[in-house]
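Visitor: Structure of the sequence below:
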Amino acid sequence: MKKILLFFILNLIFSCNNLEKKQHVVEAPSGMVFIKGGEFLMGADNNQAMRDEYPQHKVNVNSFLMDETEVTNADFKKFIESTGYLTTAERIIDWNDLKKYLPPNTPKPHDSLLAPSSLVFFESQTKNLNDFSQWWKLQKEVNWKHPYGKESTIDTILNHPVIHVSWDDAVAYCNWKGRRLPTEAEYEYAMRSGQSNTMYSWGNQPINSGKQKANVWQGNFPSNNIVSDEFYYTSPVKSFDKNDFGLYDISGNVWEWCSDLYHSDYYSTISNGITNNPIGPSKSFDPNDPYSSKRVMRGGSFLCNDSYCSGFRNSMRMKSTPDSSSQHVGFRTVLDLN
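Guide: Take a look at the predicted model:
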């Protein structure tokens with residue numbers, strides 16, 4: 001009798017343990033991956049770092065779910081068809097809103113310059129890599145569904161990341177989907193995928209060494225892309241290996257919007273010790289454009305080059321105004337665990 005009782009007790013304990021383990025298993029929705037939270041060193045860890053990547057500091061993030069790829073043209077098309085939403089690049093620019101971000105007494109431009117438009121890349125022979133106006137042009141009738149000119153379509157690139165979407169557009173999509181944009185800390189944590197003191201999402205191997213690792217610019221930027229990865233513009237999602245967290249294109253292809261405001265000195269304001277789930281500064285500041293409020297972008301794009309911005313580095317930060325859109329910016333979503 002004692003043996004039988006002992007058997008039932010042990011069986012009950014074993015069953016409870018199994019139930020507890022099952023309760024900790026997170027079933028990610030299709031197209032998303034579970035990112036187990038943890039502590040990491042955020043910020044500069046290499047000699048290519050910009051000033052706004054310093055100082056390196058300890059951060060802890062909670063577990064969350066993240067899209068395994070960028071939001072694709074097919075995904076975004078469903079959102080538009082469901083809501084009738086009009087993206088920033090499809091609207092006439094509101095001068096009264098725009099002038100809030102410009103120096104006082106800036107004259108109103110001609111109405112033709114306020115027409116619906118987005119930024120498009122053009123190769124340039126310039127040697128001045130500080131003047132991005134040499135390769136970026138504001139082009140009318142370019143938007144998410146006409147990414148390369150008014151005659152272009154997305155019909156054959158539905159599995160590419162959506163581009164020409166502003167931060168405002170990305171947030172609208174997230175609201176429709178019941179999700180949100182990742183914080184800058186979550187994005188860098190996802191890039192590092194549990195590795196410490198690595199320069200890239202794949203480790204420390206240089207971008208041009210060995211197997212192609214991401215969709216970036218090969219050759220001399222911005223004059224000649226030799227296209228050794230076979231993609232001049234965006235590539236289909238999942239064209240390159242995923243990182244250790246199971247994320248594709250977390251480096252390269254398109255810059256990705258984060259939820260945080262951008263402040264060039266934000267890291268220096270963070271106290272010593274561990275910061276839990278940082279959500280960014282309370283206000284934005286870019287010393288090169290002090291009148292504009294900006295949001296953070298991460299991950300680099302098909303235009304990033306190791307000799308130019310190396311935007312695919314884990315700690316590299318980029319920023320833009322929330323109402324801006326361009327040919328190399330997209331986004332992915334995250335979902336909190338309740």
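Visitor: quick one: low-confidence ranges for this protein?
Guide: Residue ranges of the chain with pLDDT under 70: 1-25, 101.
Visitor: Which elements pack onto the lengthiest strand in it?
Guide: The residue-count maximum for a strand in the chain (DSSP state E) belongs to strand 255-261. Strand 255-261 makes packing contacts with helix 184-192, strand 295-298, strand 329-330 when contacts are defined by 3 or more Cβ pairs under 8 Å, 6 or more residues apart in numbering; DSSP states H and E. C-beta: built from backbone N, CA, C; applies to glycine.
Visitor: In TSV, list those along with distance to residue 167 and mean neighbour count.
Guide: Shown next, in TSV, are those (distance: least, Cβ to Cβ, whole Å; neighbours: other Cβ atoms under 10 Å):
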stretch	distance to residue 167	mean neighbour count
helix 184-192	13	25
strand 295-298	5	26
strand 329-330	9	28
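Visitor: Parallel or antiparallel, which strands does the longest strand of the chain pair with?
Guide: strand 295-298 (antiparallel), strand 329-330 (parallel) (DSSP bridges).
Visitor: I'd like the next helix or strand past that strand.
Guide: Toward the C-terminus, strand 255-261 is succeeded by strand 274-276 as the next helix or strand (DSSP states H and E).
Visitor: what's the spacing between that following strand and its chain's center?
Guide: Centroid separation for strand 274-276 versus its chain: 22 Å, with Cα atoms, centre = their mean, to the nearest Å.
Visitor: can you pull out the strands in this structure?
Guide: 32-35, 38-42, 57-61, 64-67, 117-121, 136-140, 219-220, 224-225, 255-261, 274-276, 295-298, 318-320, 329-330, 334-336.
Visitor: Comparing these, which stretch has the densest surroundings?
Guide: strand 329-330 (a mean of 28; mean count of other Cβ atoms under 10 Å).
Visitor: Quick one: residues in contact with the longest strand of the chain.
Guide: Residues from elsewhere that reach strand 255-261, judged by Cβ atoms under 8 Å, 6 or more residues apart in numbering: 70, 165, 167, 170, 180-184, 186-187, 279-284, 293-301, 311, 318, 328-332.
Visitor: can I get the strands of the chain in JSON lines with distance to residue 102?
Guide: Listed next are those as JSON lines, based on distance: least, Cβ to Cβ, whole Å:
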{"stretch": "strand 32-35", "distance to residue 102": "39"}
{"stretch": "strand 38-42", "distance to residue 102": "33"}
{"stretch": "strand 57-61", "distance to residue 102": "34"}
{"stretch": "strand 64-67", "distance to residue 102": "35"}
{"stretch": "strand 117-121", "distance to residue 102": "17"}
{"stretch": "strand 136-140", "distance to residue 102": "15"}
{"stretch": "strand 219-220", "distance to residue 102": "34"}
{"stretch": "strand 224-225", "distance to residue 102": "33"}
{"stretch": "strand 255-261", "distance to residue 102": "19"}
{"stretch": "strand 274-276", "distance to residue 102": "34"}
{"stretch": "strand 295-298", "distance to residue 102": "18"}
{"stretch": "strand 318-320", "distance to residue 102": "15"}
{"stretch": "strand 329-330", "distance to residue 102": "21"}
{"stretch": "strand 334-336", "distance to residue 102": "33"}
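Visitor: Let me know which of those strands is the nearest to residue 235.
Guide: When these are compared by Cβ to Cβ, strand 329-330 sits nearest residue 235, at 11.9 Å.
Visitor: what about that closest one, distance to the chain center?
Guide: For strand 329-330, the distance to the chain centre is 7 Å (Cα atoms, centre = their mean).
Visitor: Mind checking which residue lies nearest the centre of the chain?
Guide: In the chain, the residue lying closest to the centroid (Cα atoms, centre = their mean) is residue 256, at 1.9 Å.
Visitor: Name the residues that touch stretch 301-308?
Guide: 121, 129, 206-208, 215-222, 231-235, 252-255, 310-312, 328-329.
Visitor: My guess is residue 213 contacts residue 199. True?
Guide: No. Under the criterion of Cβ atoms under 8 Å, residue 213 makes no contact with residue 199, lying 11.8 Å away.
Visitor: which residue ranges form the helices in the stretch 51-200 of the chain?
Guide: For the stretch 51-200 of the chain, applying DSSP state H, counting those that start in this stretch gives helices covering 73-83, 95-98, 167-177, 184-192.
Visitor: All set now, cheers.
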